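Undergrad: dropping the sequence and predicted coords here.
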Amino acid sequence: MAVKKIPDGFHTITPHIVVRDAKGAIEFYKRAFSAEEIGRAPTPDGAKIMHAMVRIGNSFLMLNDEFPEMGAHSPTKQGGTAVTITLYVEDADRVFNQAVKAGAEVVMPLADQFWGDRYGVLKDPYGHQWAVATHIKDLTPQEIQKAAAACFGGT
């Protein structure tokens, strides 16, 4: 039987993040984003997680503990992150508030945005940024450009 080149359930892009305390992060993602743990591979001594995978909605997220000796550093070690992981969900208010209740920090309050999404940004306790969004209005590129100009004080 032929091996599938892309395993079932995977999309073209799958984030793989490094965290300090992968066990804690998995539990946080369960509480914050209703993640389902798919599996984990601990180090032989059980102290760290070499690889884990959770499913959030219809997408997988891979994660592991920091391994500085292999160049794997978390945002807390790096002093921040340059990446925001976006979650499109049916009810942004519910998911955003659930994540805040679980311990996420609000970076950008949830609000209706000029591009047609209800959108806000959170930082998890492990230094990663998450945007939570629900698409609420279909707009043409011209309508978005006009709304952006109005938002930023242009004409």
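TA: Looks like it came in fine.
Undergrad: need the helices for the protein, in chain order.
TA: 22-33, 75-78, 92-102, 141-151 (DSSP state H).
Undergrad: low-confidence stretches in the protein?
TA: 154-155 (pLDDT under 70).
Undergrad: pick out the residue nearest the middle of it.
TA: residue 85 (3.7 Å; Cα atoms, centre = their mean).
Undergrad: for the helices of the chain, give me TSV that also has mean neighbour count and distance to residue 120.
TA: From N, CA and C alone the C-beta is placed, and that goes for glycine too. Formatted as TSV, the helices of the chain follow (neighbours: other Cβ atoms under 10 Å; distance: least, Cβ to Cβ, whole Å):
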stretch	mean neighbour count	distance to residue 120
helix 22-33	20	13
helix 75-78	15	19
helix 92-102	18	5
helix 141-151	12	16
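Undergrad: so which of these gets nearest residue 62?
TA: helix 22-33 (10.4 Å; Cβ to Cβ).
Undergrad: next, the angle from that closest one to helix 92-102.
TA: Helix 22-33 runs at 140 degrees relative to helix 92-102, counting by axes from the mean of the first three to the mean of the last three Cα atoms, to 10 degrees.
Undergrad: give the contact list for residue 136.
TA: Counting by Cβ atoms under 8 Å, 6 or more residues apart in numbering, residue 136 makes contact with 112, 116, 117, 118.
Undergrad: mind doing that once more with 6 Å?
TA: residue 118 (Cβ atoms under 6 Å, 6 or more residues apart in numbering).
Undergrad: do residue 22 as well
TA: Applying Cβ under 6 Å, 6+ apart to residue 22 gives the contacts 49, 52, 63, 64, 65.
Undergrad: for residue 131, see how far away the first one is.
TA: If I follow you right, that is residue 49. Per Cβ to Cβ, to the nearest Å, residue 49 is found 25 Å from residue 131.
Undergrad: what do you get for residue 102?
TA: Residue 102 is 16 Å from residue 131, by Cβ to Cβ.
Undergrad: what's across from the nearest residue to residue 108 once chain neighbours are set aside in the sheet?
TA: Nearest residue to residue 108 in three dimensions, chain neighbours excluded: residue 121, at 3.9 Å (Cβ to Cβ, 6 or more residues apart in numbering). Beta-bridge pairing for residue 121 (DSSP bridges): residue 108, residue 131.
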